[in-house]
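> Structure for the following, please:
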Amino acid sequence: MTKLNARTLASLVHFEACGRLLSFSDAARELSVTTGAVSQQIRKLEDLLGLKLFKRQPRGIVLTPEGRELLLVTQKSVEAIETVVETLQKKGSDDVVRLKSTPSFVFKWLIPHLRAFNGSHPEIRVETFADAALLDLTSGDFDLAIDYSHGEYQDFDAQLLMQESLLPVTSPNYIPGADWQDPAIWKQISLLHDSMPWPGSPRDAEWRYWLDNSGLNHVVSSAGHYFNRVDMAIAAADAGLGVALARSSLVQEDLESGRLIAPFPPVQSCCSYYLLLPKGTVEGAKAHTLCDWLTTLAQRSGTGSS
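Predicted structure coming up:
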């Protein structure tokens, strides 16, 4: 009776690939070895078992009756191993939720709240990825995403997290003694832009939107300094470089501390924050738990959907 050892098991892996593909060269490509190495493994296995497993023919190989019988058992074993490995991998990642959003939202809103989530759900680990200024939603490397947009999605179950307003902010030391109600002040103000607020938007889209909705159509919106993230524009305002058009949810702490002031009233944005779950996400999955918690948090803060 032949006892299996590590070398025999390795040969059986090569045999399974050859039997399934009926080609030594195709099996070699799949296993990332040479055709000669595959052929040698099959010869060793046949010598060990004392059985002929393949008939070598001019156009390729075919299984012998013994080979077909052995392949049936080998394939079942390989499938069983793959099932166990997949189960173990899934079990190891069941407690992790991969959350993806923009750097500005992660730094200014999400991170300050994650401690509370960890306290109420210690069994769930949140791995947070701050993507580029505009999210890449085609990568498939996340379980839940938070995006700032007009809310048009086809491949995701989209849920409104919270509405947003646009609020001009600046340092209290910018233009000392300024009369912010004087229309002439706009000739002195340097506008600070987020040049990539949503996909396909013009560089000055948010400032143009705020000015038009504030009855300031005559103010030129294209001048000023541009940044590819709103938190960078906010930081520039804090440094006294000009007036940034901030998203209200991202500057509450700065306004409360007095680091920033808001000399003009907010305007409701044309975009909102949306929670995106890939279609087919199972109800009860950890991503749903985080999604529900974030929705409740936004509602309690008065910014969530009603």
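
> rest of the way, CA atoms for contacts and neighbours
Noted.

> Do a quick rundown of the helices in the stretch 1-150 of the chain.
Here the stretch 1-150 of the chain has its helices, by DSSP state H, counting those that start in this stretch, at 6-21, 24-31, 35-49, 65-93, 103-105, 111-120.

> Centre of the chain to the fifth one, how far?
Helix 103-105 has its C-alpha centroid displaced from the chain centroid by 13 Å (Cα atoms, centre = their mean, to the nearest Å).

> What's the mean pLDDT across that helix?
In this model, helix 103-105 has a mean pLDDT of 91.

> Of the helices of the stretch 1-150 of the chain, flag the one that's most buried.
Counting by mean count of other Cα atoms under 10 Å, helix 103-105 has the highest mean neighbour count of these, with a mean of 21.

> Show me what it is in contact with.
For helix 103-105, contacts defined as Cα atoms under 8 Å, 6 or more residues apart in numbering pick out Ala130, Asp131, Ala132, Ala133, Arg229, Val230, Asp231, Leu250.

> Including pLDDT and distance to Asp143, could the residues you listed go into a markdown table?
Formatted as a markdown table, those follow (pLDDT from 0 to 100; distance: Cα to Cα, whole Å):
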| residue | pLDDT | distance to Asp143 |
| --- | --- | --- |
| Ala130 | 87 | 14 |
| Asp131 | 75 | 14 |
| Ala132 | 77 | 17 |
| Ala133 | 76 | 19 |
| Arg229 | 92 | 24 |
| Val230 | 93 | 25 |
| Asp231 | 93 | 25 |
| Leu250 | 94 | 24 |
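
> Of all the helices of the stretch 1-150 of the chain, which one is nearest Ala236?
helix 103-105 (13.6 Å; Cα to Cα).

> dump the residue contacts of Tyr293.
Tyr isn't right for residue 293; it's Trp. Phe117.

> doesn't it fall inside a strand?
No: with DSSP: H, G, I helix; E, B strand; the rest coil as the criterion, Trp293 is assigned helix and is not in a strand.

> per-residue pLDDT, it?
Reported pLDDT at Trp293 in the predicted model: 94.

> Domain ranges for the chain, per the record?
6-92, 96-161+271-300, 164-270 (automatic domain parsing).

> Which of those domains comes out lowest on mean pLDDT?
domain 6-92 (a mean of 86).

> Would you tell me which strand is longest in the chain?
Across the chain, the longest stretch assigned as strand under DSSP state E is strand 156-169.

> helices or strands up against that strand?
Counting contacts by 3 or more Cα pairs under 8 Å, 6 or more residues apart in numbering; DSSP states H and E, strand 156-169 packs against strand 243-247, strand 267-278, helix 286-300.

> before we move on, the earlier item: just the buried members of the contacts of helix 103-105?
Among those, those classed as buried by 16 or more other Cα atoms under 10 Å are Ala133, Arg229, Val230, Asp231, Leu250.

> ok, so of these, who is nearest Ile124?
Looking across the buried ones among the contacts of helix 103-105 and measuring by Cα to Cα, the closest to Ile124 is Leu250, at 25.3 Å.

> what about the closest one, distance to Asp231?
8 Å (Cα to Cα, to the nearest Å).

> what residues are shared contacts of those two?
Listed contacts common to Leu250 and Asp231 are Ser104, Lys108; contacts here mean Cα under 8 Å, 6+ apart.

> what sits against Val267?
Ser165, Leu166, Leu167, Trp210, Asn213, Ser214.

> And those residues, which of them are buried?
Ser165, Leu166, Leu167, Trp210.

> List the contacts of the first one.
For Ser165, the contacting residues are Arg247, Ser248, Ser249, Pro266, Val267, Gln268, Ser269, taking Cα under 8 Å, 6+ apart as the criterion.

> run the last query once more with 7 Å
Ser165 makes contact with Arg247, Ser248, Pro266, Val267, Gln268, Ser269, according to Cα atoms under 7 Å, 6 or more residues apart in numbering.

> Could I get the buried ones among the contacts of Val267 in CSV, plus columns for distance to Thr74?
Putting the buried ones among the contacts of Val267 into CSV (distance: Cα to Cα, whole Å) gives the following:
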residue, distance to Thr74
Ser165, 62
Leu166, 63
Leu167, 66
Trp210, 67
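
> Most widely separated two among the residues you listed?
The span of the buried ones among the contacts of Val267, defined through Cα to Cα, is set by Ser165 and Trp210 at 9.5 Å.

> My read is that Ser248 contacts Leu166, right?
Yes: the pair Ser248 / Leu166 is scored as a contact, 6.0 Å apart, by Cα atoms under 7 Å.

> list the residues that contact both of those two?
Between them, Ser248 and Leu166 share no contacting residue under Cα under 7 Å, 6+ apart.

> quick one: which of the contacts of helix 103-105 is nearest Pro199?
Among the contacts of helix 103-105, Ala133 lies closest to Pro199 (Cα to Cα), at 9.7 Å.
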